[in-house]
Each structure stands twice: as C-alpha cells, then as structure tokens.
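Enquirer: Quick one: sequence plus predicted model below, questions after.
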Amino acid sequence: MKRFVRALRKNLECQLLQLNLSGNPLGDEGLSSLCDALKLEEPIMLKSLFLREAIVGDTGASRLAVALKSKPTNLTMLDLSGNRISGSGARQIAKMLKGGEGSQSPLKELVLCHNQLHGAGELSVNRIQS
C-alpha cells in the first residue's frame, strides 16, 4: 500500500477518476495512508471510490470522512460495503455528507451494506439521505 500511495502522490495531476481497491486488506492503516494522499489533491477529482471488503473499521471511515470534507470533492459514488464500520464511523460519514456551512457533498451513492450498523449509526446516515 505504501508504494501505491507514493505513486499516487507523485501522479496526482493524472486526475484519477475511479479507484477500486475492493478486496484488498487495507484496514484502517492503509486507508489512512490513502486519505493522506487524497488530502494533497486540490480539488479531489476522484468520482468513484470502491472499498468493498477492505477491512475498514470506524477509524478508517472517520479518516476518510475528514479527508473528503477537508477539500472540495467530485466524489459521487462511495462503496464501503462488507467492512467493519459501526455507529461512530457511520456518524462521521453522515457529517461528511451534510457538508459544511451551506455546502453539501456531491455524493449521490453511498453503499454501507454488510457492515456493523445498528441504531444511532444507521439513523445518522438515513437522516441525511432523506
């Protein structure tokens, strides 16, 4: 993952629009490295990010939410299905979807099925979607 992130940092001007890392065991640490690279891009040009079954937990989901909220983004599709995200990670994603003062995320499709969402986390994301 570290080699990939280094290559991504060197080639940010390539305007990568879709990234599919599904099935790769990134975990929270690997996703954190990816988030650090995304924060360097101005704005974040990525339109689709697939992280299905990437062993992402609440820490990784929170870091991703912070990275996506820190800069203007074009991300319209985010797939985090089949991971280990529970309430606290879902709440951070919900905050990212809300956006800041007067702004809202351009995200049109968010996939969180097959995670550990129950109660408050599920409600947070559902409130934003409705």
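Expert: Now that the structure is in, tell me what you want to look at.
Enquirer: what ranges do the helices span in the protein?
Expert: In the chain, helices defined by DSSP state H lie at 2-10, 27-38, 58-70, 87-98, 120-129, listed in chain order.
Enquirer: what angle do the third one and helix 27-38 make?
Expert: Translated: helix 58-70. Relative orientation of helix 58-70 and helix 27-38, computed by axes from the mean of the first three to the mean of the last three CA atoms, to 10 degrees: 10 degrees.
Enquirer: returning to that earlier point: got a markdown table for the helices of the chain, with distance to residue 20 and mean pLDDT too?
Expert: All C-beta spots, glycine's among them, are computed from the backbone N, C-alpha and C. Output for the helices of the chain, formatted as a markdown table (distance: least, CB to CB, whole Å; pLDDT from 0 to 100):
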| stretch | distance to residue 20 | mean pLDDT |
| --- | --- | --- |
| helix 2-10 | 12 | 69 |
| helix 27-38 | 12 | 90 |
| helix 58-70 | 15 | 93 |
| helix 87-98 | 19 | 86 |
| helix 120-129 | 22 | 50 |
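Enquirer: among those helices, which is nearest residue 109?
Expert: Proximity to residue 109 (CB to CB) singles out helix 120-129 among the helices of the chain, at 10.4 Å.
Enquirer: picking that back up, how about CSV for the helices of the chain, with mean neighbour count and distance to residue 109 added?
Expert: Output for those, formatted as CSV (neighbours: other CB atoms under 10 Å; distance: least, CB to CB, whole Å):
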stretch, mean neighbour count, distance to residue 109
helix 2-10, 13, 23
helix 27-38, 20, 18
helix 58-70, 22, 14
helix 87-98, 21, 11
helix 120-129, 16, 10
